[in-house]
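K.L.:
need a structure here:
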Amino acid sequence: MVKPKLQAGLKLALLSALAYLPFSAVVPQAIAQNATIKGEVVFTLTDLAGAEMLAVAKDGRHALVVGSDTATLVAIEDDTLSVQGTWTLTDEFFPAGSTEAELTGVAISPDGTFALLGVKDSDEANVATFDEVPGKVVAIALPSLEPIGQVTVGRGPDSVAIAPNGQFAAVANEDEENEEDLTNLDNRPGTISIIDLRNGPTRMTQVEVPIPPDNLPFFPHDPQPETVRIAADSTFVLATLQENNAVARLEIPSPLPSRLTADAFSVKNFDVGIRTGFGLVKDKAGEGSCRSGSYDLSLRQEFTSAREPDGLALTMDGRYFVTADEDNLTHVNNQSYEGIPISPHGTRSISVFDAVTGEFLGDSGDSIEESITALGLPQRCNSKGPEPEVVSLGVVDGRTLAFVAIERSDAMTIHDISDPANIQLLDTVILNPAVIRADQEAGFEPEGIEFIPMTNQVVVSNPEGNAMSLINLNVMAP
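P.N.:
Sure, this is the predicted structure:
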């Protein structure tokens with residue numbers, strides 16, 4: 001195994017790159033006015049075997065990062081990250097009928113003694129014919145990384161979460177087929193698996209819960225759950241239905257029945273709507289009017305897109321949920337929303353909703369793209385812009401903050417969402433200074449993010465860079 005190392009000169013490169021920019025270009029007005037909480041990248045762990053998604057133990061001292069066929073246990077300290085061990089997926093844990101598989105979602109138990117890993121069929125023959133077989137969830141002990149259990153779930157497990165009470169886990173079975181043929185009524189619908197953990201990770205059972213078509217504005221015959229999160233009191237599960245532009249809420253009965261059945265759970269869907277934004281909408285990253293070294297803001301245009309959230313997070317009190325509005329496939333499939341044409345440009349925002357009613361409460365407006373262009377970071381102007389991917393929430397200095405991985409810009413934003421109707425951008429943290437004004441695509445493409453309340457830190461997984469970033473949060477005196 002190649003020993004992970006600190007990315008050379010990370011902090012120096014960032015400071016050097018920014019030194020040549022005028023202050024007004026470096027710090028957008030929205031940031032300068034609210035820079036009471038800022039983030040600083042203090043360590044970048046590179047040469048990981050895979051860094052798609054991650055989970056952090058409750059004590060905040062360890063993370064498990066997964067990608068490709070490898071799970072890596074990482075120790076988290078004040079200003080460093082270090083590898084403690086790895087586990088490689090072997091064929092005995094492949095889904096039945098598959099000759100190749102990959103790790104997707106990951107979650108760590110509340111007591112920190114084990115983790116659950118999503119295992120998805122990636123057999124080329126199956127994928128090419130849209131005949132993906134049902135996936136698995138594998139349990140591994142911590143910190144030994146020894147496998148201790150497995151259970152078959154639905155097709156395409158994409159995200160895993162363990163309830164805070166430790167009694168069950170939820171899995172988003174996306175069952176992704178032909179992305180350019182989502183109107184096909186023969187497509188298989190995705191499901192949410194509920195895994196019974198009351199007998200421990202060595203004796204897991206599960207049930208697949210169907211998602212009803214009600215209140216799905218797009219492709220109601222084919223719900224595709226992407227990210228699952230569980231309320232702090234373990235009473236409900238939320239799942240983003242990205243391609244459907246919705247969020248599903250699944251109620252957990254109390255107590256759980258002795259044997260889990262699908263009809264024990266009720267599911268309702270929230271339509272998350274559309275947004276009209278104002279930004280750069282032409283050319284690929286590093287080309288034409290989308291060159292990060294010379295953005296021309298006079299070329300910005302108005303556009304309307306569906307939110308199509310990928311990532312999702314819940315406030316600790318369970319009152320609100322926050323979505324990372326990535327956008328994806330409504331335009332590709334020639335969709336409109338209540339007669340309004342949908343663009344391919346993505347809403348480029350995070351949004352806050354009432355977790356009980358699904359009512360929209362507010363979003364971040366154009367603040368993400370404004371900060372990205374001001375800092376000279378890349379984005380895909382003609383397709384989803386900076387692309388907010390995933391989100392984590394935390395309370396710092398009495399304020400509820402959203403930490404957002406910005407996939408196409410190699411960045412993390414920090415928003416104050418304490419007042420959902422007045423979301424404020426506090427800081428944009430650059431994860432990869434090599435891309436500043438470099439007229440090139442992102443090199444890290446962050447996909448996983450977790451806030452650590454014990455230490456006011458954030459960790460981010462970056463699959464394209466096979467890297468993991470450690471960000472310390474600093475509260476600045478007013």
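K.L.:
from here on, contacts and neighbour counts on C-alpha atoms
P.N.:
Fine.
K.L.:
which strands or helices does the helix or strand harbouring Lys268 pack on?
P.N.:
For Lys268, the host element (DSSP states H and E) is strand 266-271. When contacts are defined as 3 or more Cα pairs under 8 Å, 6 or more residues apart in numbering; DSSP states H and E, strand 266-271 packs onto strand 246-251.
K.L.:
low-scoring stretches of the stretch 1-150 of the chain, by residue?
P.N.:
Applying pLDDT under 70 to the stretch 1-150 of the chain flags residues 1-35.
K.L.:
what about the strands in the stretch 51-200 of the chain?
P.N.:
Using DSSP state E, counting those that start in this stretch, the strands of the stretch 51-200 of the chain run over residues 53-56, 62-67, 70-76, 81-88, 101-108, 114-121, 134-141, 147-155, 157-162, 168-173, 191-196.
K.L.:
what would these look like in CSV with mean neighbour count and distance to Asp233?
P.N.:
Conversion of the strands of the stretch 51-200 of the chain to CSV gives the following (neighbours: other Cα atoms under 10 Å; distance: least, Cα to Cα, whole Å):
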stretch, mean neighbour count, distance to Asp233
strand 53-56, 27, 19
strand 62-67, 26, 23
strand 70-76, 21, 27
strand 81-88, 17, 31
strand 101-108, 26, 17
strand 114-121, 27, 20
strand 134-141, 24, 23
strand 147-155, 21, 24
strand 157-162, 27, 12
strand 168-173, 29, 12
strand 191-196, 25, 16
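K.L.:
save those strands as TSV, and put in distance to Pro344 too.
P.N.:
Below are those laid out as TSV (distance: least, Cα to Cα, whole Å):
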stretch	distance to Pro344
strand 53-56	26
strand 62-67	28
strand 70-76	34
strand 81-88	38
strand 101-108	26
strand 114-121	28
strand 134-141	31
strand 147-155	27
strand 157-162	23
strand 168-173	25
strand 191-196	27
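K.L.:
quick one: contacts for Ile76?
P.N.:
The neighbours of Ile76, taking Cα atoms under 8 Å, 6 or more residues apart in numbering as the test, are Gly60, Arg61, His62, Ala63, Ser82.
K.L.:
please read the previous query as pertaining to Asp354.
P.N.:
Counting by Cα under 8 Å, 6+ apart, Asp354 has contacts Arg319, Tyr320, Phe321, Phe360, Leu361.
K.L.:
the last one contacts Ile350, doesn't it?
P.N.:
It refers to Leu361. No - at 11.2 Å, Leu361 and Ile350 do not qualify as touching, with contact defined as Cα atoms under 8 Å.
K.L.:
more neighbours: which of the two?
P.N.:
Between Leu361 and Ile350, counted using other Cα atoms under 10 Å, Ile350 has the larger neighbour count: 30 against 16.
K.L.:
just the element for the more buried one, please.
P.N.:
Going by DSSP H and E, Ile350 is part of strand 349-354.
K.L.:
so how far is Thr202 from Ile211?
P.N.:
As judged by Cα to Cα, to the nearest Å, Ile211 and Thr202 stand 28 Å apart.
K.L.:
with neighbour numbers in mind, choose between the two.
P.N.:
A direct count of neighbours by other Cα under 10 Å for Ile211 and Thr202 places Ile211 higher, at 24 against 16.
K.L.:
surely that one meets Thr191?
P.N.:
Yes - using Cα under 8 Å, Ile211 is in contact with Thr191, at 6.1 Å.
K.L.:
that older thread, what strands flank the strand holding Ile350, and is each parallel or antiparallel?
P.N.:
Neighbouring strands of strand 349-354 in its sheet, by DSSP bridges, are strand 320-325 (antiparallel), strand 360-363 (antiparallel).
K.L.:
relative to Asp121, which of those strands is closest?
P.N.:
Nearest to Asp121, of all those, is strand 320-325, at 26.1 Å by Cα to Cα.
K.L.:
which ones are touching the spatially most central residue of the chain?
P.N.:
The centroid of the chain falls nearest to Val390 when counting by Cα atoms, centre = their mean (2.7 Å). Contacts for Val390 (Cα under 8 Å, 6+ apart) come out as Asp310, Gly311, Leu312, Thr323, Ala324, Val404, Ala405, Ile406, Glu447, Gly448, Ile449.
K.L.:
chain neighbours aside, what residue packs nearest to it?
P.N.:
Of all residues not flanking Val390 in the chain, Gly311 sits nearest, at 3.9 Å (Cα to Cα, 6 or more residues apart in numbering).
K.L.:
if I look at that neighbour, how far off is Glu445?
P.N.:
Distance, Gly311 to Glu445, using Cα to Cα: 14 Å.
K.L.:
walking through the stretch 251-400 of the chain, point out its strands one by one.
P.N.:
In the stretch 251-400 of the chain, the segments counted as strands under DSSP E, counting those that start in this stretch are 266-271, 274-279, 301-306, 309-314, 320-325, 336-337, 340-341, 349-354, 360-363, 388-396, 399-406.
K.L.:
quick check: mean pLDDT of the first one?
P.N.:
Meaning strand 266-271. Averaging pLDDT along strand 266-271 yields 98.
K.L.:
strand partners of that strand, parallel vs antiparallel please.
P.N.:
Its sheet considered, strand 266-271 pairs with strand 246-251 (antiparallel) by DSSP bridges.
K.L.:
again, but for the longest one
P.N.:
For strand 388-396, the pairing partners within the sheet under DSSP bridges are strand 399-406 (antiparallel).
K.L.:
after whichever strand or helix holds Val209, next one along is what?
P.N.:
Assessed by DSSP H and E, Val209 sits inside strand 205-210. Per DSSP H and E, the first helix or strand lying C-terminal to strand 205-210 is strand 225-230.
K.L.:
so which elements touch that following strand?
P.N.:
Using 3+ Cα pairs under 8 Å, 6+ apart as the contact test, the elements touching strand 225-230 are strand 157-162, strand 168-173, strand 236-241, strand 309-314.
K.L.:
got JSON lines for those strands, with distance to Val459 and mean pLDDT too?
P.N.:
Converted to JSON lines, the helices and strands packed on strand 225-230 look like this (distance: least, Cα to Cα, whole Å; pLDDT from 0 to 100):
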{"stretch": "strand 157-162", "distance to Val459": "17", "mean pLDDT": "98"}
{"stretch": "strand 168-173", "distance to Val459": "22", "mean pLDDT": "98"}
{"stretch": "strand 236-241", "distance to Val459": "22", "mean pLDDT": "98"}
{"stretch": "strand 309-314", "distance to Val459": "15", "mean pLDDT": "98"}
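K.L.:
out of those strands, nearest to Asp186?
P.N.:
strand 168-173 (17.3 Å).
K.L.:
packing partners of the closest one?
P.N.:
Helices and strands touching strand 168-173, by 3+ Cα pairs under 8 Å, 6+ apart, are strand 147-155, strand 157-162, strand 191-196, strand 225-230.
K.L.:
and of those, who's closest to Val207?
P.N.:
strand 191-196 (5.5 Å).
K.L.:
that closest one pairs with which strands?
P.N.:
Applying DSSP bridges, strand 191-196 is found paired with strand 168-173 (antiparallel), strand 205-210 (antiparallel).
K.L.:
and the first one with strand 114-121, angle?
P.N.:
Read that as strand 168-173. 20 degrees (axes from the mean of the first three to the mean of the last three Cα atoms, to 10 degrees).
K.L.:
could you list the residues in contact with strand 168-173?
P.N.:
153-163, 190-198, 224-230, 237, 239.
K.L.:
mind running it again at 7 Å?
P.N.:
When contacts are defined by Cα atoms under 7 Å, 6 or more residues apart in numbering, strand 168-173 is touched by residues 154-163, 190-198, 225-228.
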